[in-house]
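> sequence? don't have it. structure:
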């Protein structure tokens with residue numbers, strides 16, 4: 001019967017659209033969470049900025065904070081745009097579902113009306129008997145008897161299908177109405193964020209203009225900051241190189257001992273000692289020499305893009321690579337996380353504390369993960385010691401203030417080569 005075809009068609013539509021709706025819902029949920037996370041970063045940066053701007057001269061930290069806020073606001077607007085695109089897809093899908101349900105409901109009602117008319121024509125026993133006896137042959141008559149037996153059940157089912165379809169239609173209209181209201185809310189958010197971004201850009205322009213006017217006054221501070229950071233980076237590289245060299249010496253000693261034992265064995269057996277021509281080993285091979293170090297290196301690599309941040313909450317104000325502040329230019333070997341007061345600094349992966357240094361009153365911790373190293377700078381205290389093993393997210397110290405702002409420098413290094421941390425940590 002047509003009823004079965006209609007029901008199967010409705011079932012197919014419901015199943016095919018449910019998966020799409022679930023996917024869109026998950027996408028919207030993820031975008032909303034991302035937007036909320038960005039807003040928390042903006043608020044944290046603003047709180048720190050409020051603490052450092054009152055009655056104080058402009059600092060490099062303040063400049064970087066404002067730049068980070070502008071970037072985060074732009075990212076938030078981009079996220080809102082993605083939300084609206086996803087919501088538009090959902091609205092289009094739901095509009096199609098409403099139209100389809102309206103069409104199906106109309107078809108069901110027409111089919112039901114035909115059944116009612118048939119029932120009216122065959123409302124007594126005589127009419128039913130005449131309907132059966134009017135069959136062309138016995139086979140058709142039998143089918144008409146079975147049809148009449150099932151007719152009442154079909155009427156009840158179709159009435160239930162109509163009620164269910166009407167209910168689905170009303171629910172879908174409610175969902176569509178909610179989506180349209182959500183889109184209107186997103187449009188208002190977008191407009192508000194654009195105005196907020198314009199104000200922050202004006203603030204940034206004023207700060208940069210102030211920097212340009214008084215650059216001679218600030219240049220000394222910026223230059224001092226650059227020199228200090230460059231000196232720290234050189235010392236960190238030197239520490240890592242010392243660790244690599246120590247591992248190389250261990251490897252050379254192991255090879256010499258193996259050669260000595262082989263020569264002693266050959267002499268005892270009256271044979272000529274074998275000539276061992278050891279091939280030069282790369283830094284990577286040296287640092288992955290033991291099975292434990294190789295396993296740890298592989299585990300670190302496999303977690304690329306999923307490592308936790310070195311602080312539970314914060315915002316990146318300084319990025320990896322070349323940078324420009326006014327006319328000053330430099331190179332960052334890592335990133336700087338601006339965080340909250342007395343924030344805990346934590347290891348981003350399992351490893352062993354290779355070095356702890358106190359430079360200019362601030363602590364630096366180097367943790368080795370096989371051939372990889374993570375470096376944590378600007379700690380006011382540490383809660384681990386050299387040679388101890390640490391686990392992922394284990395606290396290793398507390399963030400110190402830099403120009404009144406709590407900050408943590410973070411670097412990832414592979415065999416002496418700095419890597420961009422943002423491609424390794426989770427977004």
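It's in. It should be emphasised that the depicted structure is a prediction, and the values quoted were computed from it without experimental measurement. Numbers count the residues shown, from 1 in each chain.
> ok, now how distant is residue 240 from residue 200?
When distance is defined by C-beta to C-beta, to the nearest Å, residue 240 is 39 Å away from residue 200. C-beta here means a position set from N, CA and C on the backbone, and glycine is covered the same way.
> quick one, which of these two is more surrounded?
Each of residue 240 and residue 200 had its neighbours counted (other C-beta atoms under 10 Å), and the higher figure belongs to residue 240 (24 against 19).
> The more buried one should be in a helix, yeah?
Yes: when classified by DSSP: H, G, I helix; E, B strand; the rest coil, residue 240 is found to be part of a helix.
> hang on, isn't it packed against residue 371?
No: assessed by C-beta atoms under 8 Å, residue 240 is found out of contact with residue 371, at 10.6 Å.
> element containing the nearest residue to residue 76 once chain neighbours are set aside?
Using C-beta to C-beta, 6 or more residues apart in numbering and skipping the chain neighbours, the partner closest in space to residue 76 is residue 38 (4.6 Å). Following DSSP states H and E, one finds residue 38 within helix 2-53.
> and the residue nearest to residue 76, how many neighbours does it have?
Residue neighbour count, defined by other C-beta under 10 Å, stands at 21 for residue 38.
> Run a quick check on it versus residue 75, I expect a contact.
Yes: applying C-beta under 8 Å, one finds residue 38 in contact with residue 75, separated by 5.7 Å.
> tell me what the helix or strand in which residue 285 is found is packed against?
Secondary structure here is read from DSSP H and E; on that basis residue 285 sits in helix 283-287. When contacts are defined as 3 or more C-beta pairs under 8 Å, 6 or more residues apart in numbering; DSSP states H and E, helix 283-287 packs onto helix 215-268.
> Do you know the pLDDT at residue 370?
Predicted confidence (pLDDT) at residue 370: the value is 92.
> Would you mind measuring from the nearest residue to it once chain neighbours are set aside to residue 421?
Nearest non-adjacent residue to residue 370, counting by C-beta to C-beta, 6+ apart: residue 297, 3.0 Å away. Using C-beta to C-beta, one gets 17 Å for the distance from residue 297 to residue 421.
> ok, now residue 382?
Note on residue 382: its distance to residue 421, by C-beta to C-beta, is 20 Å.
> So for those two, which residue has more residues nearby?
When residue 382 and residue 421 are compared for neighbours, residue 421 comes out ahead with 25 against 19, by other C-beta under 10 Å.
> re the thing from before, who are the contact partners of the residue nearest to residue 76?
Residues counted as contacts of residue 38 (C-beta atoms under 8 Å, 6 or more residues apart in numbering) are 72, 75-76, 79.
> mind running it again at 10 Å?
Residue 38 makes contacts with 71-80, 315, as judged by C-beta atoms under 10 Å, 6 or more residues apart in numbering.
> which of those lies closest to residue 62?
If you rank the contacts of residue 38 by distance to residue 62 using C-beta to C-beta, residue 315 comes first, at 13.6 Å.
> Quick check: beta-bridge partners of that closest one?
On the basis of DSSP bridges, residue 315 is bridged to residue 338.
> Number of residues surrounding it?
The local packing count at residue 315 equals 23, with neighbours defined by other C-beta under 10 Å.
> swap in residue 294?
Neighbours of residue 294 using other C-beta under 10 Å come to 16.
> what's the spacing between it and residue 301?
Spatial separation of residue 294 from residue 301 under the definition C-beta to C-beta is 11 Å.
> Report the set of residues contacting both of those two.
370-371.
> How are the helices of the stretch 51-200 of the chain distributed by residue range?
Counting by DSSP state H, counting those that start in this stretch, the segments of the stretch 51-200 of the chain that form helices are 60-121, 125-133, 138-213.
> could you give me the average pLDDT of the shortest one?
To tie it back to what came earlier, the one meant is helix 125-133. The predicted model assigns helix 125-133 a mean pLDDT of 55.
> tell me which residues of stretch 295-304 are tucked away?
Under the neighbour-count criterion of 16 or more other C-beta atoms under 10 Å, stretch 295-304 has 296-297, 300, 303 buried.
> same deal with stretch 341-354?
Neighbour-count burial for stretch 341-354, with 16+ other C-beta under 10 Å as criterion, is recorded at 343-354.
> number of nearby residues for residue 381?
12.
> The helix or strand hosting it: what's the following helix or strand?
Secondary-structure element containing residue 381, defined by DSSP H and E: strand 372-382. Reading on from strand 372-382 to the C-terminus, the next helix or strand found by DSSP H and E is strand 389-390.
> partner strands of that following strand, parallel or antiparallel?
strand 351-359 (antiparallel).
> distance between the strand holding residue 381 and the chain's centre?
A distance of 24 Å separates the C-alpha centroid of strand 372-382 from that of its chain, computed with C-alpha atoms, centre = their mean, to the nearest Å.
> now it against strand 351-359, angle please.
Taking axes from the mean of the first three to the mean of the last three C-alpha atoms, to 10 degrees, strand 372-382 and strand 351-359 form an angle of 50 degrees between their directions.
> Any idea how far the next helix or strand after the helix holding residue 285 is from the middle of the chain?
Reading on from helix 283-287 to the C-terminus, the next helix or strand found by DSSP H and E is helix 291-302. Here the centre of mass of C-alpha atoms in helix 291-302, compared against the chain's by C-alpha atoms, centre = their mean, lies 23 Å away.
> quick one: contacts of helix 291-302?
With C-beta under 10 Å, 6+ apart as the contact definition, helix 291-302 has outside contacts at 247, 284-288, 290, 307, 348-352, 368-372, 374, 412, 414-415, 424.
> Report the mean per-residue pLDDT for that helix.
93.
> Check stretch 252-270 too.
Taken as a whole, stretch 252-270 has an average pLDDT of 77.
> that older thread, quick one: the buried residues of stretch 341-354 as CSV, columns for pLDDT and distance to residue 24 too.
Supplementary listing: the buried residues of stretch 341-354 in CSV, determined by pLDDT from 0 to 100; distance: C-beta to C-beta, whole Å:
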residue, pLDDT, distance to residue 24
343, 94, 37
344, 96, 38
345, 97, 39
346, 97, 36
347, 97, 38
348, 97, 33
349, 97, 35
350, 96, 38
351, 95, 41
352, 95, 46
353, 96, 46
354, 93, 48
